[in-house]
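Student: Here is a sequence together with a model predicted from it:
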Amino acid sequence: MSQPTEKARQIAFLKAHEKEMTEFIRSYSSQDGKITFNWETTAVNTGIAFSEPVLIVKLDISDSSKSEYNNRGYVLRVKTDLKKLNKIRELMVLNDPIYSNIQEGIND
């Protein structure tokens, strides 16, 4: 039987911590909607200079029956040991347009 891919291991780790991540988001959110993680967007992000790589995953907070008000595009940064994937050390939520602008600045 083949070993899971690195991304599959990362997704499994995040799913195992979904409750913790959801509670963190709810504690800082003014929205009471349903939180949905887009697991396929899971990736390693090198972040800014002199910072260690982190896992990122996009999420949505859906709080309206009208779909045009949903999908606001948030990114959850998960600080963890990427080799061990044993515990979450820190969480941070970013709005995707802000996150995308940061990434463009890094890649310029």
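Tutor: Looks like it arrived, so ask away. Numbers count the residues shown, from 1 in each chain.

Student: any idea whether residue 14 is helix, strand or coil?
Tutor: Here residue 14 is recorded as helix under DSSP: H, G, I helix; E, B strand; the rest coil.

Student: Looks like it contacts residue 42 (just checking).
Tutor: Yes - the criterion here is C-beta atoms under 8 Å, and residue 14 meets it with residue 42 at 6.2 Å. To be clear about C-beta, it is placed using only N, CA and C from the backbone, and glycine gets the same treatment.

Student: Which neighbours do those two have in common?
Tutor: Residues touching both residue 14 and residue 42 (C-beta atoms under 8 Å, 6 or more residues apart in numbering): 55, 57.

Student: show me the contacts for residue 7.
Tutor: Applying C-beta under 8 Å, 6+ apart, the residues near residue 7 are 42-43.

Student: That one: which element?
Tutor: Using DSSP states H and E, residue 7 sits within helix 6-16.

Student: tell me the angle the next helix or strand after that helix makes with helix 6-16.
Tutor: Using DSSP H and E, the helix or strand that follows helix 6-16 in sequence is helix 18-28. Angle of helix 18-28 versus helix 6-16, following axes from the mean of the first three to the mean of the last three C-alpha atoms, to 10 degrees, is 60 degrees.
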